[in-house]
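Peer 1: Here is my input, please return the structure:
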Amino acid sequence: MEITYLGHSSFRIKGKKNIVVTDPYGDEVGFKMPRVTADIVTISHQHHDHNNITAIRGTTKRKDPFIVDGPGEYEIGDVSIFGIASYHHKSSGGKRGENTIYLISFDGLRLAHLGDLGQKLNEAQLEQLNGVDILFTPVGGTFTIDDNEAVEVIGQIEPRIIIPMHYLAPGMKKDFGIKITVNDFLKAIGEEGNKTKDRLIVSKDKLPPEREIVVLKRKS
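Peer 2: Down below sits the predicted model:
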């Protein structure tokens, strides 16, 4: 499996047979969403920095990507997706409404994309997120959990690989609102020497024996 960071909360996850793209964003972020192909697109919530499906083209197998945009169970080819209801705010939705966490399973791996999670996870959510191999978590605060809260959520889920997202990044509009950088998160979790990678190549039999933080460079 090959994972590429497209920026903000968007990733392109390429498996043996299918490609999944998460949370494609619009121009309001500040930098441009790369034009990529996918078989499946997941949308965690209907805010413009997470639902720009027009940026994604289909593949040779599928003219238009299959859109997953809410809680429930989905089977698309060899990809199994389970959408878990959660909150964009600290409790009961608040002013920002609801958010969907996606547990995406294919090629023997279990990946969890937290979207714009704003809350600590409850017992029911944690049961559904059992056995996560790779976790995509927001760390930037303001609209989501912040760096310290992300460390707590990581401790709840206990994944093998953690990929931070949704943080203040070069090229982001100054008035976008996010204040916390990926380096702030790395300091909070005790990984200040972590170096960025262009992409992550991973398989079930090559997961790290210990927890690993992977910071991916945004594809331009």
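
Peer 1: biggest helix in this structure by residues?
Peer 2: helix 147-157 (DSSP state H).

Peer 1: mind listing what's buried in that one?
Peer 2: 147, 149, 150, 151, 153, 154, 157 (16 or more other C-beta atoms under 10 Å). Every C-beta, even on glycine, is put in place using the N, C-alpha and C of the backbone.

Peer 1: Of these, just say which sits nearest to residue 86.
Peer 2: The closest of those to residue 86 turns out to be residue 153 (C-beta to C-beta; 10.8 Å).

Peer 1: Distance of the closest one relative to residue 8?
Peer 2: Residue 153 is 18 Å from residue 8, where distance means C-beta to C-beta, to the nearest Å.

Peer 1: State the helix or strand in which the most far-flung residue of the chain relative to its centre lies.
Peer 2: What lies farthest from the middle of the chain is residue 60; by C-alpha atoms, centre = their mean that is 24.9 Å. Under the criterion DSSP states H and E, no helix or strand holds residue 60.

Peer 1: so where's the protein uncertain?
Peer 2: Where the chain drops to pLDDT under 70, the residues are 88-97.

Peer 1: Try it again at 90.
Peer 2: Residues of the chain meeting the criterion pLDDT under 90: 45-51, 60-62, 86-98, 118-119, 141-143, 173-177, 192-195, 220.

Peer 1: what about the helices in this structure?
Peer 2: Counting by DSSP H, the segments of the chain that form helices are 123-128, 147-157, 182-189.

Peer 1: ok now the shortest one, how far from the chain's centre?
Peer 2: Counting by C-alpha atoms, centre = their mean, to the nearest Å, helix 123-128 is centred 18 Å from the centre of its parent chain.

Peer 1: what do you get for the second one?
Peer 2: From the chain centre to the centre of helix 147-157 is a distance of 14 Å (C-alpha atoms, centre = their mean).

Peer 1: tell me the angle that helix makes with helix 182-189.
Peer 2: 60 degrees (axes from the mean of the first three to the mean of the last three C-alpha atoms, to 10 degrees).

Peer 1: what helices or strands is helix 147-157 leaning on?
Peer 2: In terms of contacts (3 or more C-beta pairs under 8 Å, 6 or more residues apart in numbering; DSSP states H and E), helix 147-157 is packed against strand 134-138, helix 182-189.

Peer 1: likewise the last one?
Peer 2: Contact partners of helix 182-189 among helices and strands, from 3+ C-beta pairs under 8 Å, 6+ apart: helix 147-157, strand 161-165.

Peer 1: Name the residues of it that are buried.
Peer 2: In helix 182-189, counting by 16+ other C-beta under 10 Å, buried: 182, 184, 185, 186, 188, 189.

Peer 1: Export the helices of the chain to CSV and append columns for distance to residue 195.
Peer 2: What follows is the helices of the chain, written out as CSV (distance: least, C-beta to C-beta, whole Å):
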stretch, distance to residue 195
helix 123-128, 31
helix 147-157, 18
helix 182-189, 10
